[in-house]
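Student: Need a 3D model of the sequence below.
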Amino acid sequence: MKAKWNNKIIAESDDIVKVEGYAYFPLESINQAFLKSSETSSVCPWKGKASYYSLDIDGELNKDAAWYYPNPKEAAQQIKNRVAFWKGVEITEY
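Tutor: Residues are numbered from 1 along each chain as shown. This next block holds a predicted model:
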């Protein structure tokens, strides 16, 4: 699968974990140059505390367009070291 925003491929991998309709990409498959740390966080009752990245591509910022669980709860260990996208990021299969 590919994650694309602002005409750039952010992530590309065939090792995807799908949870609640979202594709979680392995951290190593993501172009780190596009990620910008965010102070935003949220809590999911069964996955735990999520942290966010904003995307910064060609001077355009997509705030909190990616999230990950640094220390997911036991029930969500399959998404550890993985990142998911939303807010206009296009997810497509090859």
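
Student: Need the contact partners of stretch 23-34.
Tutor: Stretch 23-34 is contacted from outside by 1, 3, 8-13, 15-18, 55-57, 68, 79, 81-85, 91, using C-beta atoms under 8 Å, 6 or more residues apart in numbering. All C-beta spots, glycine's among them, are computed from the backbone N, C-alpha and C.

Student: mind running it again at 7 Å?
Tutor: 1, 3, 8, 10-13, 15-17, 55-57, 79, 81-84, 91 (C-beta atoms under 7 Å, 6 or more residues apart in numbering).

Student: buried subset of these?
Tutor: Among the contacts of stretch 23-34, the ones that count as buried by 16 or more other C-beta atoms under 10 Å are 1, 3, 10-11, 13, 16, 55-57, 79, 82-84, 91.

Student: where along the protein do the strands fall?
Tutor: With strands called from DSSP state E, the chain shows them at 2-5, 8-12, 17-19, 22-26, 35-44, 48-57, 60-68, 82-85, 90-92.

Student: Tell me which of those strands lies nearest to Glu74.
Tutor: strand 48-57 (9.3 Å; C-beta to C-beta).

Student: For that closest one, enumerate the helices and strands it packs against.
Tutor: strand 35-44, strand 60-68 (3 or more C-beta pairs under 7 Å, 6 or more residues apart in numbering; DSSP states H and E).

Student: and the direction of the shortest one versus that of strand 8-12, what angle?
Tutor: In terms of direction (axes from the mean of the first three to the mean of the last three C-alpha atoms, to 10 degrees), strand 60-68 departs from strand 8-12 by 10 degrees.

Student: neighbouring strands for strand 60-68, and are they parallel or not?
Tutor: When pairing is defined by DSSP bridges, strand 60-68 lines up against strand 48-57 (antiparallel), strand 82-85 (antiparallel).
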